[in-house]
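[1] whatever this is, show me its structure:
(4 chains)
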There are 2 protein chains.
Amino acid sequence: MPELRTGLHHLYLRDEDLRLGIELLFYAYRDFTAEPDRMLDEIGLGRAHHRAIYFVGRYPGINVGELLAILRITKQSLSRVLGELVRKGYIAQRPGTVDRRQRRLELTEQGAALERKLSENQRRRIAAAYRAAGPNAVEGFRRVMLGLIDERDRGKVAGEPAKPQPGAATRR
Amino acid sequence: MPELRTGLHHLYLRDEDLRLGIELLFYAYRDFTAEPDRMLDEIGLGRAHHRAIYFVGRYPGINVGELLAILRITKQSLSRVLGELVRKGYIAQRPGTVDRRQRRLELTEQGAALERKLSENQRRRIAAAYRAAGPNAVEGFRRVMLGLIDERDRGKVAGEPAKPQPGAATRR
DNA sequence: GCATATATGTCAACATCACTGACGTATTTT
DNA sequence: AAAATACGTCAGTGATGTTGACATATATGC
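    The predicted structure follows:
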């Protein structure tokens, strides 16, 4: 629900309030990624691999362009990461049926197992925070977080991955 | 308000709910850092410099050990970043008065200006998200985010920086 | 059907930010 | 006086990102 358009907002935002927001994001992200990072390190992978595995698991059959649009990195960066994951047997590729230029990505059994293992800690952490804060707070959390995300991607979160923008291939 | 302690929680957490949380963190952090990153890039600095500048601005007179405890990186990494910031005139150091081994860090005029410029976009983004979501949602956001942070650091967020753990100097 | 655009990949070079390991100096604490 | 602490440095390495140029296969528009 959009708030009343009073022009003046009853939500008076002090510098301190905004700083707290900045810091919450920093600390939460720092701690949210620490555990998976440690686990990845043991098998010679990094956070970038986790992100790829996560989103391939999230959208089975996703193609490279869509994944690029989510991660917002260059194809050269993704290519290295994806190549390693394919070579190590975590991700399988196969050409698209409708457009055979595409490579549709999927997790292998091994990849799915790794994804579960990596996300387990994150899920636990989120579940604990949700339970401690209560359903009402969770709803507020979602609303604020969505508001922090670039508008063009809000629909994408927890929906279908957006098709890459036209011209995305040429644009860098 | 803490939820009723029923043992069984009325907050039934589906896999989808947890995934949404994971993704909100990913997208929000991605978009939250993108703009400052671009600005930093123009003056030959990176995200690590932003973090250092931010927390030195947040806690004027903070010493190196405290900053290390916040950032959770090695002193060698921080040393490089801090050295660059000092050389380029964004941060000033001076020995502590009570313990002269310490280097107390402060932003110079120039550093404070940069900090404001960098954080401006982030503050705007947070302010917009807060306003759109409403005060109630903001409170929920804070509760959940705090729950995501390592327990030992919850008190530190938006308070005084914790003293580094005893033994921190030797531990790596 | 031919020209062009798209999806993807590759080679090469480079920057940033992190890490490990080993040591060194000044100062404080015991 | 010895030990611990705060901080720094030198040296090497690895992960992740970047730019730029070019290659291949497939689709699409006229």
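[2] distance check, A:Asp41 against A:His50.
    Per C-beta to C-beta, to the nearest Å, A:Asp41 is found 11 Å from A:His50. The C-beta positions use only the backbone N, C-alpha and C, and glycine is treated the same way.
[3] higher neighbour count, these two?
    Set side by side, A:Asp41 and A:His50 show more neighbours around A:His50, with 21 against 11, by other C-beta atoms under 10 Å in any protein chain shown.
[4] residues of chain A that sit close to DNA strand D?
    With C-beta under 7 Å from any atom of the strand as the criterion, chain A meets DNA strand D at residues A:40, A:44-49, A:51, A:71-74, A:76-77, A:80-81, A:95, A:98-101, A:172.
[5] ok, of these, which come out buried?
    Buried members of those, counted by 16 or more other C-beta atoms under 10 Å in any protein chain shown: A:40, A:45, A:48-49, A:51, A:71, A:81.
[6] would you turn those into CSV with secondary structure?
    Shown next, in CSV, are those (DSSP: H, G, I helix; E, B strand; the rest coil):
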residue, secondary structure
A:Leu40, helix
A:Leu45, coil
A:Ala48, helix
A:His49, helix
A:Arg51, helix
A:Leu71, helix
A:Val81, helix
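[7] list just the nearest of these to DNA strand C.
    A:Val81 (10.2 Å; C-beta to the nearest atom of the strand).
[8] would you agree the closest one is in contact with A:His50?
    No - using C-beta atoms under 8 Å, A:Val81 is not in contact with A:His50; the gap is 9.8 Å.
[9] can you give me the helices in chain A?
    Using DSSP state H, the helices found in chain A span residues A:15-42, A:47-58, A:64-71, A:75-87, A:109-133, A:135-148, A:151-154.
[10] for DNA strand C, find the nearest of those helices.
    Taking the helices of chain A one by one with C-beta to the nearest atom of the strand, helix A:64-71 is closest: 2.8 Å.
[11] against which helices or strands is that closest one packed?
    helix A:47-58, helix A:75-87, strand A:103-107 (3 or more C-beta pairs under 8 Å, 6 or more residues apart in numbering or on different chains; DSSP states H and E).
[12] any chance of these in JSON lines, with mean pLDDT too?
    JSON lines is the format used below for the helices and strands packed on helix A:64-71 (pLDDT from 0 to 100):
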{"stretch": "helix A:47-58", "mean pLDDT": "97"}
{"stretch": "helix A:75-87", "mean pLDDT": "97"}
{"stretch": "strand A:103-107", "mean pLDDT": "97"}
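[13] how about the ones you listed in CSV, adding distance to A:Gly147?
    Output for these, formatted as CSV (distance: least, C-beta to C-beta, whole Å):
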stretch, distance to A:Gly147
helix A:47-58, 22
helix A:75-87, 28
strand A:103-107, 30
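[14] take the ones you listed and write them to TSV, including distance to DNA strand C.
    Shown next, in TSV, are these (distance: least, C-beta to the nearest atom of the strand, whole Å):
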stretch	distance to DNA strand C
helix A:47-58	11
helix A:75-87	4
strand A:103-107	4
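[15] out of these, the one nearest B:Arg125 is which?
    B:Arg125 sits nearest to helix A:47-58 of all the helices and strands packed on helix A:64-71, at 21.7 Å, using C-beta to C-beta.
[16] run the angle between the closest one and helix B:15-42 for me.
    140 degrees (axes from the mean of the first three to the mean of the last three C-alpha atoms, to 10 degrees).
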